[in-house]
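Trainee: what follows is a predicted structure for the sequence shown.
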Amino acid sequence: MKKELLKFLLFTTVILIAPVFLGSGYLMNVLVFVGIFTILAVALNLLLGLAGQISLGQAAFFGLGAYISGVLTATHALDPWLSMVIAIVAVGIIAFILGFPILKLKGHYLAMATLGMGIIVYIIFNETIDITGGPSGLSGIPHLSLGGIIFNSDIKNYYLVWFFAVMIILLSVNLTSSRIGRALRAIHDSEVAARIMGVNARLLKVQIFSISGVISALAGSLYAHTVTFISPTSFGFNVSIELLTMVIIGGLGSIYGSFLGAAILTLLPEFFRTFQDYDIIVYGLTLVVITMFMPGGLVRGVPLLFRSLFKKESMPQSNGKSG
Amino acid sequence: MDLFEEILQYVLSGLSTGAIYALIGLGFAIIYNSTSIINFAQGEFVMLGGMLTLFFHVTLFMSLPFSVFLAVLVATAVGVLFERLAISPLKNADPLILVIITIGGSILIRGIAMLLWGKDTYALPMFSGDEPLVLWGATLMPQNLWIFGITLIIIIANRLFFHHSIIGKAMRACSFNRVASSLVGINVKHTVLFSFAISSALGAAAGIIIAPLTMTSYDVGIMLGLKGFCAAIIGGMSGGIGTVAGGLIVGILESLGAGLISSGYKDAIAFIILLLILFLRPQGLFVKGETERV
């Protein structure tokens, strides 16, 4: 537990002082997105890594959060913080209701059902033009403000988004090592065994699905208020796949791994402009290669790789003997 | 056009897209029955079929029948390669891992197609002209007849293969009980490879015959694949007539919905059917017994 706390404090300190070294240029803007995607990846990781339930429709909750927040503020001039709360509660209720029939399914069927859910929501964003503005998007979403500070610059948004990201990380780390976390891990390993031990698997799965949805909606609301413009393409199937790739890169079940995955996949396109054209090849290749050869993701895989390299260096004598 | 003619028109066009979904659905079912894997990359073979035919026919100036033949061949080879490289090494992996692998594979294939052919949408020429035929007031393209004909031939061939050839019977045996099949001397590894070959060929064929009607591009595989899956789910993953009926049901409902309700929600219809079936009758519409699907 002490180690976890130390890790968290170190991480938070780095996040706090990072802007001092990185300045307030374009990179700050990118780091705002890293924060938003960290929240999203952590949300998916709670569901996928901890409870072992796949979702290919995470972008739906992200989008619902963004659109509820966006429409309430831009069209109905509601207070941004209030609409953020409404968005989070509404998505929580939707996820809870959808969770019961969806999480009855397992494995491939769960993947297909969540994928279907994501696509239906995406189509709704596109087609309800009167409300969402359709494919051309929704603009004029106000920034969040707090006691006279309006979060309208990259550096302010950085601290805003990362405040929430750090809180979500803290919550997730706590959840993972709590009684509920252990129960979810038991479901991951064997649902039948977990049930026999008295875990209410069905309800717990729905709950973690809702929590994951709520966190994604929070990210969506933050996205809407920092970017001030949203359109359906930001919440399509590709985004769900991108989130999945982030979680897989970082490692299933590793909260800080999700940050790493989010950071890599968000920063990479900024450094390699051409990357944007080939992003889906990179996602595809990453998914296949990491799942096949580094099933624990980078967080567990890289130390393992170093260890095996190190072992090889000290092995030549034994190799010489046998060869 | 009166309502009857209008509905007939929607049903006819629904039947031809439904036939395509049926073929794709059969591909899903064949792989599922031999491996218990839902191959998320199934739709990409549909895309490969159309794009490769276009490439051989339009870019390399080969004759259409030869292009079709080569396209099916190459798509099948890609399917076999995919099985060898990604599926076979992970035989007994967790379903979660297999989902991620097949999704990764599907995106990779799509990405390579994008790299090769760009993001443009192309039209494959119609197989026999574009003079529409009129049938009780509804118009029908000759291509629709090609779709009905080829689908029918494939379904019959499929049936003959699985019920009357020794390899097909072996594959069916594997789908009932893999261990028992291997005990009586069936090479399970070969049947898995075979199922991937057959279903990628089926997918490619579907992609080729639909391409002249609906155009094709590097990303058509997602939607077509998912709707094919919907067909297979309705059919209870049977690999038989149930899946064919499933495809036709999805095709007709989608076409009627698009025509009579709203064309914008056309794609949503298939997914709403998919979710309803998964929630209410995960064993499929036509199967009586409970199956291990939930």
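Mentor: Yep, it's here.
Trainee: how about the residues of the stretch 101-250 of chain B near chain A?
Mentor: Selection of the stretch 101-250 of chain B residues close to chain A by CB under 8 Å from any CB of the partner chain yields B:101, B:103-112, B:114-115, B:222, B:226, B:229, B:233. Where C-beta positions appear, they are placed from N, C-alpha and C, glycine not excepted.
Trainee: so where's chain B shaky on pLDDT?
Mentor: B:1, B:91, B:287-294 (pLDDT under 70).
Trainee: quick one, helices of it?
Mentor: B:3-35, B:42-54, B:64-82, B:95-117, B:142-164, B:166-176, B:178-183, B:188-214, B:221-234, B:241-256, B:266-280 (DSSP state H).
Trainee: and among those helices, the most buried is which?
Mentor: The highest mean neighbour count among the helices of chain B, using mean count of other CB atoms under 10 Å in any protein chain shown, belongs to helix B:42-54: a mean of 29.
Trainee: report the distance from that helix to the chain centre.
Mentor: Averaging C-alpha positions (CA atoms, centre = their mean, to the nearest Å) puts helix B:42-54 11 Å from its chain's average.
Trainee: near chain B at all, stretch A:122-138?
Mentor: Yes - Stretch A:122-138 reaches chain B (CB under 8 Å from any CB) through A:123, A:124, A:126, A:127.
Trainee: how much space between residue A:213 and residue B:33?
Mentor: From residue A:213 over to residue B:33 the distance is 34 Å, taken as CB to CB, to the nearest Å.
Trainee: next: residue A:162.
Mentor: Going from residue A:162 to residue B:33 by CB to CB gives 49 Å.
Trainee: over to residue A:70?
Mentor: The value you get for residue A:70 to residue B:33, if CB to CB is used, is 46 Å.
Trainee: so where's chain A uncertain?
Mentor: For chain A, the stretches with pLDDT under 70 are A:1, A:24, A:272-276, A:312-323.
Trainee: flag every buried residue along the lengthiest helix in it.
Mentor: Longest helix of chain A, by residue count under DSSP H: helix A:201-227. By neighbour count on 16 or more other CB atoms under 10 Å in any protein chain shown, the buried set for helix A:201-227 is A:201, A:204-227.
Trainee: so how far is it from its chain's centroid?
Mentor: 9 Å.
Trainee: so is that helix next to chain B?
Mentor: No - residues of helix A:201-227 contacting chain B under CB under 8 Å from any CB: none, with a closest distance of 11.5 Å.
Trainee: by contact count, what packs against that helix?
Mentor: Helix A:201-227 sits against helix A:26-45, helix A:58-74, helix A:80-102, helix A:154-176, helix A:179-189, helix A:191-196, with contacts defined as 3 or more CB pairs under 8 Å, 6 or more residues apart in numbering or on different chains; DSSP states H and E.
Trainee: can I get those helices in TSV including mean neighbour count?
Mentor: Formatted as TSV, the helices and strands packed on helix A:201-227 follow (neighbours: other CB atoms under 10 Å in any protein chain shown):
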stretch	mean neighbour count
helix A:26-45	24
helix A:58-74	28
helix A:80-102	19
helix A:154-176	19
helix A:179-189	17
helix A:191-196	14
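Trainee: of all those, which one comes closest to chain B?
Mentor: Closest approach to chain B among those (CB to the nearest CB): helix A:80-102, 4.1 Å.
Trainee: before we move on, the earlier item: tell me which helix or strand comes right after the longest helix of chain A.
Mentor: strand A:229-230 (DSSP states H and E).
Trainee: packing partners of the helix or strand following that next one?
Mentor: Next helix or strand after strand A:229-230 toward the C-terminus (DSSP H and E): helix A:237-250. Contacts defined by 3+ CB pairs under 8 Å, 6+ apart place helix A:237-250 against helix A:26-45, helix A:58-74, helix A:107-127, helix A:255-271, helix A:275-293, helix A:297-314, helix B:95-117.
Trainee: so how far is the fourth one from its chain's centroid?
Mentor: Read it as helix A:255-271. 11 Å.
Trainee: from residue A:218, how far off is the spatially closest residue to residue A:37 that is not a sequence neighbour?
Mentor: Nearest residue to residue A:37 in three dimensions, chain neighbours excluded: residue A:262, at 3.9 Å (CB to CB, 6 or more residues apart in numbering or on different chains). With distances taken as CB to CB, residue A:262 is found 15 Å from residue A:218.
Trainee: same question for residue A:92.
Mentor: 10 Å.
Trainee: same question, residue B:111
Mentor: 31 Å.
Trainee: same thing with residue A:78?
Mentor: 17 Å.
Trainee: repeat for residue B:231
Mentor: 38 Å.
Trainee: what of residue B:170?
Mentor: 53 Å.
Trainee: cool, and residue B:125?
Mentor: Taken as CB to CB, the span from residue B:125 to residue A:218 is 51 Å.
Trainee: check contacts around the nearest residue in space to residue A:264 that is not next to it in sequence.
Mentor: Distance criterion CB to CB, 6+ apart; nearest residue to residue A:264, sequence neighbours excluded, is residue A:249 at 6.1 Å. Counting by CB atoms under 8 Å, 6 or more residues apart in numbering or on different chains, residue A:249 touches A:257, A:260, A:261, A:264, A:265, A:286, A:290, A:297, A:298.
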